[in-house]
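*Asks:* Next come a sequence and a model predicted from it.
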Amino acid sequence: MPVNHTLLCDFYELTMANGYYRTGKANTISYFDLFFRSIPDNGGFVIAAGLEQIIDYIENLRFTDQDIEFLRSRGIFTEDYLEFLREFRFTGDMYAIPEGTPIFPNEPVITVRAPAIEAQFIETFLLLTFNHQSLIATKTNRIVRASQGRPVSEFGSRRAHGPDAAVNGARAAYIGGCSSTACTIAGRVFGIPVGGTMAHSWVQMFDSEYEAFRRYCEIYPDNPTLLVDTYSVLKSGVPNAIRVFKEMLSGSAQKNCAIRIDSGDLTYLSRRARKMLDDAGLKDCRIIASNSLDEYIIRDLLQQGACLDAFGVGERLITSRSAPVLGGVYKLAAIERNGEIIPKIKISENAAKITIPHFKKVYRIYENHNGKALADYICLHSEQPDFTKPLDLFDPDYIWKRKLVTDYTAQELQVPVFIGGKRVYESPDVHTIRDYCRSQVELQWDEVKRFENPHNYYVDLSQELWDIKQKLLAEGVRGA
């Protein structure tokens, strides 16, 4: 039975909704943008994720009798408002950049056009879902790129911030590039490959490490992975693993076996273990590393010559420990009055918090001669740019920085998800999203993919949109 998440909202969304209802603004058509301002870990881009769960939430959005009774008990809402909520459904439009797409600061990832009371109410769930899954997908993608093609398995459930964070985090990690997860329920719900081997307790449960390994290989003779660091990796773990592999496994099974090292100097131990395995004729036996890994540790291990074939990554992935927050925000960009779109802007003493007004659309500009993404281009939704002609791109903050692009292709990024409250978008399965993510990341320049000091990918405004923003800024300053 689906969980009712309708009241998973900030209480001010209900008080504002009541205010809209009481002041006659409930049906004012409003445009809200979901976007973020900065990239975690000072990286080059974020991976969009979480749209499927947002769609499910909106499709099932309704107040139950228990919800209405709880709100009545607060003593601040009138009965006519509560009856209004009883019939509440999302009737608006939503446009979104598909999951798995690299995205950049200040561009609208999700745009909602709906009556004010509806558009405002869904804010919290949209943000918590986008922020969490995009954060984990982004961190995972960094870790996977550091592994240089070696499989990475998500091991983080026991460190996740609750059940939903474990399950949806495993989904996001798979989108970001993990090959599998240890989270069993994520395998059932999403079809993600699941895997796991043994804990140290398995080895301790037997009278000897050799017996523990032998019994494990009896049960799983086709592709056993043995944890070799319970006592001593080089003095007992690897020698016992070699002995059991040689005694218990046939020639084909010896090609599918592996050892896992979960502690110690992984570079030194893996190199020594590799030599021991090779000398024993187990050249195909893989060595898997775990133990609080992240992209920097994995990168350093490989640069130091560690002989590692795969990685299990847990807490630093599932919590994005080095940068645990993606600060996505949800801001009003326009309203409709008598059929006309009226742009709205938020002005702040902090320049980074000044919003981009109006109903917009986003294009990604690709250079034809190499296929790489050059910049993103935001314009009014009503604009019809002629992309057969040269395109003048300029930095919206430093407008003297300009580039005239001639040989290029433009692709609109957002797709319709809901129109008039009806779902018009079919979410791809998670495997398709993962493949799409990998292909889209490959279209980014290596300079953008650097872990430190990545190249600043430009998100540019059309001249018309930039002019509107400057006009509203000037009017806002005079009004203040």
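*Replies:* Sure thing, it's come through.
*Asks:* All the helices of the stretch 151-300 of the chain, in order from the start?
*Replies:* Taking DSSP state H, counting those that start in this stretch as the criterion, the stretch 151-300 of the chain contains helices spanning 163-176, 184-190, 200-205, 209-219, 238-248, 251-254, 266-279, 295-303.
*Asks:* so which of those is the most packed in?
*Replies:* Ranked by mean neighbour count, the helices of the stretch 151-300 of the chain are led by helix 163-176 with a mean of 26 (mean count of other Cβ atoms under 10 Å). All C-beta atoms are positioned from the backbone trio N, CA, C, and that covers glycine.
*Asks:* Hmm, Lys283 is touching Arg274, no?
*Replies:* No: applying Cβ atoms under 8 Å as the test, Lys283 and Arg274 come out as separate, 9.1 Å apart.
*Asks:* Now do the shared contacts for these two.
*Replies:* Shared contacts of Lys283 and Arg274 (Cβ atoms under 8 Å, 6 or more residues apart in numbering): none.
*Asks:* returning to what we had before: can you lay out the helices of the stretch 151-300 of the chain as TSV showing mean pLDDT and distance to Val424?
*Replies:* Below are these laid out as TSV (pLDDT from 0 to 100; distance: least, Cβ to Cβ, whole Å):
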stretch	mean pLDDT	distance to Val424
helix 163-176	98	22
helix 184-190	97	23
helix 200-205	98	50
helix 209-219	97	49
helix 238-248	96	54
helix 251-254	80	50
helix 266-279	98	49
helix 295-303	98	37
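*Asks:* Which of those sits closest to Arg113?
*Replies:* For Arg113, the closest of the helices of the stretch 151-300 of the chain is helix 163-176, at 26.3 Å, according to Cβ to Cβ.
*Asks:* by contact count, what packs against that closest one?
*Replies:* Applying 3 or more Cβ pairs under 8 Å, 6 or more residues apart in numbering; DSSP states H and E, one finds that helix 163-176 contacts helix 123-146, strand 152-154, strand 180-181, helix 184-190, helix 315-318, helix 430-442.
*Asks:* Check those for me and report the most buried one.
*Replies:* Comparing the helices and strands packed on helix 163-176 by mean neighbour count (mean count of other Cβ under 10 Å), strand 152-154 ranks first with a mean of 27.
*Asks:* so what's Arg22 up against?
*Replies:* Here Arg22 is in contact with Tyr81 (criterion: Cβ under 8 Å, 6+ apart).
*Asks:* pretty sure it is in a helix, no?
*Replies:* Yes: judged by DSSP: H, G, I helix; E, B strand; the rest coil, Arg22 forms part of a helix.
*Asks:* Could you shift the numbering so residue one becomes 15, and keep it that way?
*Replies:* All set: I'll call the first residue 15, so the last point we hit is now Arg36.
*Asks:* Out of the helices of the stretch 165-314 of the chain, which is closest to Trp480?
*Replies:* Of all these, it is helix 177-190 that lies closest to Trp480, at 33.4 Å by Cβ to Cβ.
*Asks:* What lies in contact with that closest one?
*Replies:* Contacts of helix 177-190 (Cβ under 8 Å, 6+ apart): 61, 63-64, 67, 113-114, 143, 146-155, 157-158, 168, 170-171, 174, 194-195, 197, 199-200, 203-204, 206, 331-332, 444, 447-448, 451.
*Asks:* what does stretch 421-435 give?
*Replies:* By Cβ under 8 Å, 6+ apart, the list of residues contacting stretch 421-435 reads 65, 69, 72, 103-112, 115, 121-122, 125, 375-383, 388, 390-391, 399, 401, 405, 437-439.
*Asks:* What subset of those residues is buried?
*Replies:* Neighbour counting over the contacts of stretch 421-435 (16 or more other Cβ atoms under 10 Å) leaves 65, 69, 72, 104, 106-112, 115, 121-122, 125, 375-381, 388, 390-391, 405, 439 as the buried ones.
*Asks:* Just those residues: which are in helices?
*Replies:* Mapping the buried ones among the contacts of stretch 421-435 onto helices (DSSP state H) picks out Leu65, Ile69, Ile72.
*Asks:* My read is that the last one contacts Phe104, right?
*Replies:* So that's Ile72. Yes: counting by Cβ under 8 Å, Ile72 touches Phe104, with 5.0 Å between them.
*Asks:* Quickly list what's touching both of those two.
*Replies:* Ile136, Phe432.
*Asks:* which residues of this structure score low on pLDDT?
*Replies:* Within the chain, the stretches with pLDDT under 70 are 15-16, 492-494.
*Asks:* repeat that with 80
*Replies:* Applying pLDDT under 80 to the chain picks out residues 15-17, 265-266, 491-494.
*Asks:* Pick out the residue nearest the middle of it.
*Replies:* Ser148 (2.1 Å; Cα atoms, centre = their mean).
*Asks:* That residue reaches Leu65, doesn't it?
*Replies:* No: look at Ser148 against Leu65 with Cβ under 8 Å: they stay out of range, at 9.8 Å.
*Asks:* where exactly do the strands run in the stretch 315-464 of the chain?
*Replies:* 324-327, 342-351, 354-357, 374-381, 387-394, 405-408, 416-419, 422-426, 429-433, 436-437 (DSSP state E, counting those that start in this stretch).
*Asks:* now the ones in helices among the buried ones among the contacts of stretch 421-435 in JSON lines, with distance to Gln477?
*Replies:* Converted to JSON lines, these look like this (distance: Cβ to Cβ, whole Å):
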{"residue": "Leu65", "distance to Gln477": "31"}
{"residue": "Ile69", "distance to Gln477": "35"}
{"residue": "Ile72", "distance to Gln477": "35"}
